[in-house]
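1. heads up, no residue letters with this:
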């Protein structure tokens, strides 16, 4: 029987569908990262692996190890996405020469947010591991650690979105010379950061409510929520970043290949770059 682990009989079909979808987008992320040498996006790509493993775990619901594994991997994977999202903002700032529009010095920007993200990652991971304990007190402590870790993630994500929005607002009111002359594609990358951040924020908020309700709560007792408020938004995050890949920012800063949509473009091709900026200027 599976009901001592789940409050329902997990859908094999749903798990397999998302295994296939997450595998596809993760493979594409690794391909884009390697081909364009966008190494700071490694954490994001590895997050995709955790998602795949997590949903594989849901295909064997009568196994305690698989249950604990899917709980931990699906819980902590978004922290890896967040780390790369935080790092992209710093590169956008460099691209537009917009340091003066940050209220936090750029050299501290990534450090602060990634530090919070790492703290959140380990708190959730430790809490998830304790949830598989036979001890009620250990499970209770694990639940509290998870909630605390999710709150840390939510707070840092909220601060990140505010930081990015203030930077964006100041830049639009008073564009830098680099923005005026080069017309770099910072806007659509910031929009991608906003959307992905909000998706992860909402997902984490639902997770907090889930763990506050406890093991007998409404959310954890209904499988639809793991797909509607976790699988779908996180898959959307990965697909958005496939399409608006940060290798474009990296290539415009240091050269090399960039992923534009699902195509690879060499930034050293002058004719392509010129046409690209003309198109953006329209």
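-> Perfect, I can see it now. A quick note: this is a predicted structure, and the numbers were derived from the prediction, not measured.

2. gap between residue 264 and residue 258?
-> Distance, residue 264 to residue 258, using C-beta to C-beta, to the nearest Å: 7 Å. Using the backbone N, CA and C atoms, a C-beta is placed for each residue, glycine as well.

3. mind listing the shared neighbours of the two?
-> Residues touching both residue 264 and residue 258 by C-beta atoms under 8 Å, 6 or more residues apart in numbering: residue 36.

4. the more surrounded of those two?
-> Higher neighbour count among residue 264 and residue 258: residue 258, with 26 against 15, using other C-beta atoms under 10 Å.

5. contacting residues around stretch 5-17?
-> By C-beta under 8 Å, 6+ apart, stretch 5-17 touches 2-3, 55-56, 58-59, 61-62, 64, 67, 216, 220-223, 227.

6. and what of stretch 159-173?
-> 85-86, 89, 93, 96, 98, 101-104, 109, 113, 179, 186, 190, 193-194, 197-198, 201.

7. mind listing what's buried in it?
-> Neighbour-count burial for stretch 159-173, counted by 16 or more other C-beta atoms under 10 Å, picks out 160, 163-164, 167-168, 171.

8. just the element for the residue nearest the centre of the chain, please.
-> By C-alpha atoms, centre = their mean, the mean C-alpha position of the chain lies nearest to residue 81, the distance being 2.7 Å. Per DSSP states H and E, residue 81 falls inside helix 64-96.

9. and what of residue 218?
-> Going by DSSP H and E, residue 218 is not in any helix or strand.

10. poorly predicted segments of the stretch 151-282 of the chain, please.
-> 268-282 (pLDDT under 70).

11. re earlier: give me the buried subset of the contacts of stretch 159-173.
-> Buried among the contacts of stretch 159-173 by 16+ other C-beta under 10 Å: 85-86, 89, 93, 96, 98, 101-102, 109, 113, 179, 186, 190, 193, 197, 201.

12. which one among those residues gets closest to residue 140?
-> residue 201 (26.3 Å; C-beta to C-beta).

13. which residues touch that closest one?
-> Taking C-beta under 8 Å, 6+ apart as the test, what residue 201 contacts is 154, 157-158, 161.

14. for it, give its distance to residue 82.
-> Here the criterion is C-beta to C-beta. By it, residue 201 lies 10 Å from residue 82.

15. overlap in contacts of the two?
-> In contact with both residue 201 and residue 82: residue 157, using C-beta under 8 Å, 6+ apart.

16. report the longest helix in this protein, please.
-> helix 136-173 (DSSP state H).

17. burial measure for the closest residue to residue 261 other than its chain neighbours, as a count.
-> Leaving aside its sequence neighbours, residue 261 sits nearest to residue 243 (C-beta to C-beta, 6 or more residues apart in numbering; 5.8 Å). Residue neighbour count, defined by other C-beta under 10 Å, stands at 13 for residue 243.
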